[in-house]
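*Asks:* predicted model and sequence follow; I will ask about them next.
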Amino acid sequence: FFAIPLGPQAEAMSASTPQTDDEASRRDSALADNIDRKGRNAYYYAHAHKADGPVWDMKPEPRLLKTEKVEGEKEAVVVARPITDYAWEDQDKKVKIYVMFEGVGELSDDAVKLDFAENSFSLTVMGYKGENHKLTFATLFANIENATAKKKPNKVILTLFKTEENSWPCIAQGTPS
């Protein structure tokens, strides 16, 4: 136990020791005293945080506080029209998908982007007639080991290389051809 002097005895002690305003306010606060004695292990350590955000301007509308670019930030999601018109061909070791785009050959090579995984693919054609277009199959009929996209003057040809030589009755599982 320790004794905290009260009344005239406390006034005499405080008068004999010169204190700054900050020291006096810290000494008057049990929270600050606990943190001073126990540091980060103090029970009240988390409550001692002082808010350092901007001052509220008393307006109900939200406002932008700051913007910053994060290094290694992922690419923005591309909003695209779905491609629903295509033809496809099943061969022994591969499946070819033909997507007709009049004048697609005039786009840059970077405008046609193909992402694929073992059992899915996504083709994105950027900036065709001012819009982005996308053909995606989330679950293919069977696994693939590779996929390529070739841009021709009026079409894009996707080639999906099968992991096993078998017949595909449809491109995606559970869908009719």
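*Replies:* Arrived safely, thanks for sending. Residues are numbered from 1 along each chain as shown.

*Asks:* which residue ranges of this structure form helices?
*Replies:* 8-16, 21-28, 30-38 (DSSP state H).

*Asks:* how far does the last one sit from the chain's center?
*Replies:* Put plainly, it is helix 30-38. Taking CA atoms, centre = their mean, to the nearest Å, one finds the center of helix 30-38 at 40 Å from the center of the full chain.

*Asks:* quick one: list the elements packing against that helix.
*Replies:* Counting contacts by 3 or more CB pairs under 8 Å, 6 or more residues apart in numbering; DSSP states H and E, helix 30-38 packs against helix 21-28. For every residue, glycine as well, the C-beta is placed using N, CA and C.

*Asks:* quick check: mean pLDDT of the helix it packs on?
*Replies:* Average pLDDT, helix 21-28: 57.

*Asks:* residue ranges with poor pLDDT in this structure?
*Replies:* Along the chain, the model assigns pLDDT under 70 to residues 1-28, 44-51, 72-78, 174-177.

*Asks:* same thing but 80
*Replies:* In the predicted model, the chain carries pLDDT under 80 at residues 1-32, 34-35, 40, 42-59, 61-79, 173-177.

*Asks:* can you give me the strands in this protein?
*Replies:* Counting by DSSP state E, the segments of the chain that form strands are 81-82, 87-90, 94-100, 112-117, 120-128, 131-137, 144-151, 155-162.

*Asks:* and of these, who's closest to residue 62?
*Replies:* Proximity to residue 62 (CB to CB) singles out strand 131-137 among the strands of the chain, at 30.1 Å.

*Asks:* coming back round to it: so which of the strands of the chain comes closest to residue 64?
*Replies:* When the strands of the chain are compared by CB to CB, strand 131-137 sits nearest residue 64, at 27.5 Å.

*Asks:* and the closest one, C-alpha only, in CSV?
*Replies:* The C-alpha coordinates for strand 131-137 follow below in CSV (Å, rounded to 0.1, in the frame of the first residue of the first chain):
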residue,chain,number,x,y,z
GLU,A,131,-15.7,-0.9,-74.7
ASN,A,132,-14.1,-3.9,-73.0
HIS,A,133,-15.4,-7.4,-73.7
LYS,A,134,-14.9,-10.6,-71.6
LEU,A,135,-15.3,-14.3,-72.1
THR,A,136,-14.9,-16.3,-68.9
PHE,A,137,-15.4,-20.0,-68.1
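
*Asks:* strand partners (parallel or antiparallel) of it?
*Replies:* strand 81-82 (parallel), strand 120-128 (antiparallel) (DSSP bridges).
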